[in-house]
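> only the shape, not the letters, is given here:
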């Protein structure tokens, strides 16, 4: 049966950019591609465009399917579609794979035209600011002068926030979900363990593993296992897995004993087969670097948000310990200090950081209500 | 100047056991050694003995120094000594390296008399119950029928709790500090990531790395880095390291950028050089397995503690998220259900799980006050 709330069959597109891009690191990329998808129709006034920014392991495939047979729809299909909270009957939604990604946009596994070989270790580190710059260039290409809203969860929320700082006139609303204004030492620490797992994997070869026909899968698997612990809450892990044994009794060995081990190893294995380790490294660094207060005295977020003109919806989840509600409230306070209109909701959920990707009537109702008041 | 609160120069001793030991796993060890230290003097009534059990990476060297030149004293020197909270003027303190350890007691790196080679992968997994059995045998050898108290923090606290269940007549007081009655799914998850880092290190060689003149140092380093994140609180990491940069500016590469990275990598490197990976694996499994409620309906801790006769001091620390105060309260409740005398204190500390090893006037005063009422 036809699902009337799905955007249906979608096709990714590629935009080529040959205006050189100088990154925050000082490195210049002479040219690059960005792969993207769009859903809905851009209206005549070009006033109904929504940009959705992805998180650590996300990509441009937000909604719909590539074919009837594709098993899973896009990663935020529950949020984006006809009649869904981000309603493609009203809005023209754009999703892209960020620069440095491994799903079609130029990244470490892409061929460097200068050498004819994958960039590997030579691919420059990118920042959230760099991503916003490239997203703005994509908007130019699509004829979008101003987004009705920029939306993102986690690292995607940081991009939405950065949009309001970097291009205050090009974004009317920002939906900053399960995010933080910058990482804590503990956040950076988890990222560094994940990176060290990849960097010290003998198959990493200094980042040029493509040339060795291998990949640091052991390291990437560990990074992902660790990541999953931080995405889930202690609560939900307890209620889903608890101390349940895989085979009913201890086996006194290092094979899977507890169900939680089985879950984590499976997630790690799956990810290590499908994601590029250099992209993972680069995405975690972008997270570490993000800090809109970096150039402001005493790390003052209110000062950093002084020129912001957008209106905001900020959403946090009670059991999210990666970016706790307190971190969202820092953003809310800084916006209020600047007399910015901001709606804030702390959603009760047992699902930890992952809650932002899940169906929850209150959360989805909230986004729907906010989007309903976004004029086009 | 002579430090009158130190036990001074100490010498470890070795006890050999040749009564076969059948472990919970079903494996039998025909013989084994336990290395131990003692401080203070056993009184004529043999009623003033205190057993201190160590945690994941601890050992028998609790207090004092091996020579005037030894840089660091034993790992709990701030707690144990003449006039200290556990006062060696009154008590005879025993510390041992647990079976499976890598500091002198028989463990995976010891020579298996059956083969003339290190046990390696053939060393059996051990449990907290097994440790208590071996500790009781050591007590027999030292002529200690009953301990005035068994004391431990973290995994050591689990051993103290297990003593009161397994040998209710042989322990008058238990000091269970920064512990939990059993691990949560999240606790097990962190342990499994640490283990997978070691097990998938190409230098692990199935546990028989000694024969290859190598060691899975990459994996052990990652395990320790991850461990340190869980030992510290988010708070103390923030105040100690925050987002402080090592070289004042971003370097846009994978070398150390943030101070927290420098700290973690240093801790990981140091540990990987000095600890045996097989012991680390085995200790984390002992943690996972510990569950006094395992054989009781609905995991009922009150039932599991039914035959306990000891009096208790249970201590937790406010920012300990590895074994949070809630976990200590589970023990307190189960003891109260059984009308056991128990004193409980939640110590305000910013230091997370590590707080149990640190000097804190309130915490030390508490242990001192409790120990003062322990009659000998």
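Everything's here; your move. Bear in mind the structure is a predicted one, so any value in this text is a computation, not a measurement.
> from here on, contacts and neighbour counts on C-alpha atoms
Will do.
> and residue A:123, backbone torsions?
Backbone geometry at residue A:123, expressed as degrees, to the nearest 10, gives phi -70, psi 130.
> OK, contacts around it?
A:100, A:107-108 (CA atoms under 8 Å, 6 or more residues apart in numbering or on different chains).
> run the last query once more with 7 Å
A:107-108 (CA atoms under 7 Å, 6 or more residues apart in numbering or on different chains).
> and the pLDDT at it?
Note for residue A:123: predicted pLDDT of 98.
> and residue A:160, by the same measure?
Confidence score, pLDDT, at residue A:160: 98.
> that one: neighbour count?
Around residue A:160 there are 30 other residues, counting by other CA atoms under 10 Å in any protein chain shown.
> same check, this time on residue A:299
13.
> in what element of secondary structure is the closest residue to it other than its chain neighbours found?
Computed as CA to CA, 6 or more residues apart in numbering or on different chains, the closest residue to residue A:299 that is not its neighbour in sequence is residue A:293, at 4.6 Å. Using DSSP states H and E, residue A:293 sits in no helix or strand.
> what sits against residue A:293?
Contacts of residue A:293 by CA under 7 Å, 6+ apart are A:299-301, A:304.
> now, the most widely separated pair of these?
A:299 and A:304 (8.4 Å; CA to CA).
> residue A:313 pairs with what?
Here residue A:313 shows beta-bridge partners residue A:175, residue A:343, assigned using DSSP bridges.
> count residues in the vicinity of the residue of the stretch 51-200 of chain A at minimum distance from chain B, would you?
In the stretch 51-200 of chain A, the residue that lies nearest chain B is residue A:185 (5.0 Å; CA to the nearest CA). Neighbourhood size, residue A:185 [other CA under 10 Å]: 26.
> now it: closest residue in space, sequence neighbours ignored.
Residue A:185 sits nearest to residue B:242 (CA to CA, 6+ apart), 5.0 Å away.
> so how far is residue B:11 from the one you found?
Going from residue B:242 to residue B:11 by CA to CA, to the nearest Å gives 41 Å.
> okay, these two: which has more neighbours?
Just comparing residue B:242 and residue B:11: by other CA under 10 Å the higher neighbour count belongs to residue B:242, 19 against 13.
> need the three-state assignment for that one.
When classified by DSSP: H, G, I helix; E, B strand; the rest coil, residue B:242 comes out as coil.
> how close does it get to residue B:254?
Taken as CA to CA, the span from residue B:242 to residue B:254 is 19 Å.
> residue ranges with poor pLDDT in chain A?
Residue ranges of chain A with pLDDT under 70: A:1-2.
> thinking again about what came up before, touching, the residue of the stretch 51-200 of chain A closest to chain B and residue B:259? I think so.
No: counting by CA atoms under 7 Å, residue A:185 stays clear of residue B:259, with 8.8 Å between them.
> which residues are in contact with each of those two?
residue B:241.
> how far does stretch A:246-263 stretch from start to finish?
With CA to CA, one end of stretch A:246-263 sits 10 Å from the other.
> helix or strand for residue A:25, just tell me which one.
If you go by DSSP H and E, residue A:25 is not part of any helix or strand.
> what's the helix or strand for the closest residue to it other than its chain neighbours?
Among residues not flanking residue A:25 along the chain, residue B:252 sits closest, at 6.1 Å (CA to CA, 6+ apart). Following DSSP H and E, one finds residue B:252 outside all helices and strands.
> thought residue B:252 was touching residue A:125?
Yes: using CA under 7 Å, residue B:252 and residue A:125 qualify as a contacting pair, with a distance of 6.0 Å.
> just the helices in chain A please.
A:128-141, A:155-166, A:185-199, A:217-231, A:234-240, A:259-274, A:277-289, A:301-304, A:325-337, A:361-372 (DSSP state H).
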